[in-house]
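Novice: quick one: sequence plus predicted model below, questions after.
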Amino acid sequence: MPAPERVSQWVTQNYPRPTVDPDWLADCCDWISSEQGLSPFSTFHQFIQHVESQLLQSNLEDSTVPGTGLDPQLLVDQGRAGNPGQRSRPGQRPRREKLTTGPIPLLVEVRSITEIAHSAFGLLSTHQTRLDRADLGLAPNTQNPEQDQAADEEDGPIPPFPRGMLRFELSDGSTTFRAVEHRSIPDLELGATPLGYKVRP
């Protein structure tokens, strides 16, 4: 049985790309109705909150229609922008053009996060310290990250990774591509943001 029309319209309006798979949405609605006891008609707002939560927790490969997300031409243009063969004069660096995902919002999930503004050695040292302190049952100090960074190596809370610029591997469920922060995004943090986290660039 297909999802109720009002639910389908809400999903299409709020998450236009990639297209949410109708079969997945129908199964999701059935599950919410049976497990949560909610009606898409009499309790629409609570019902749709559960639909949105399930979508954002899902693997986009399972919940969306392949080929309805990122424009394939964007990847072609990205390849041309970074192709040394496109140089106009010998010794000239290729011009980097700013590429966007277009005017229609695109939902993607984070597949990997890499800090590219700090050395691998520094990141590895922080990683080892985090492992050691996690083994001791210490919790990260999320209230004061600066204090974490200055904490003594022998004790103190789990330190955060140094924060400079992040590079991501993102996916719309069928196409994976790389992206780099244009400006710092406070909600995204190496070691804290879970893989699968959803963003709309």
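Specialist: Now that the structure is in, tell me what you want to look at.

Novice: for the chain, what are the low-confidence residue spans?
Specialist: Applying pLDDT under 70 to the chain picks out residues 75-99, 137-155.

Novice: okay, the lengthiest helix in it in PDB with CA atoms only?
Specialist: When the chain is parsed with DSSP state H, its longest helix is helix 120-135. Output of helix 120-135 as PDB, limited to C-alpha atoms (Å, rounded to 0.1, in the frame of the first residue of the first chain):
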ATOM      1  CA  ALA A 120      49.100  13.400  10.300                       C
ATOM      2  CA  PHE A 121      51.600  13.100  13.200                       C
ATOM      3  CA  GLY A 122      49.600  15.500  15.300                       C
ATOM      4  CA  LEU A 123      46.300  13.800  14.500                       C
ATOM      5  CA  LEU A 124      47.800  10.400  15.200                       C
ATOM      6  CA  SER A 125      49.100  11.600  18.600                       C
ATOM      7  CA  THR A 126      45.600  13.000  19.500                       C
ATOM      8  CA  HIS A 127      44.000   9.800  18.400                       C
ATOM      9  CA  GLN A 128      46.300   7.700  20.600                       C
ATOM     10  CA  THR A 129      45.600  10.000  23.600                       C
ATOM     11  CA  ARG A 130      41.900   9.700  23.000                       C
ATOM     12  CA  LEU A 131      42.200   5.900  22.900                       C
ATOM     13  CA  ASP A 132      44.200   5.800  26.100                       C
ATOM     14  CA  ARG A 133      41.800   8.000  28.000                       C
ATOM     15  CA  ALA A 134      38.800   6.200  26.700                       C
ATOM     16  CA  ASP A 135      40.300   3.000  28.100                       C
END
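
Novice: so what touches it?
Specialist: Contact partners of helix 120-135, identified using CB atoms under 8 Å, 6 or more residues apart in numbering, comprise Glu115, Glu153, Gly156, Pro157, Ile158, Pro159, Pro160, Phe161, Pro162, Gly191. From N, CA and C alone the C-beta is placed, and that goes for glycine too.

Novice: tell me which residues of that helix are tucked away?
Specialist: Neighbour counts over helix 120-135 (16 or more other CB atoms under 10 Å) mark Leu123, Thr126, Thr129, Arg130, Arg133 as buried.

Novice: stretch 33-52 too?
Specialist: Leu38, Pro40, Phe47, Ile48, His50, Val51.

Novice: no further questions, thank you.
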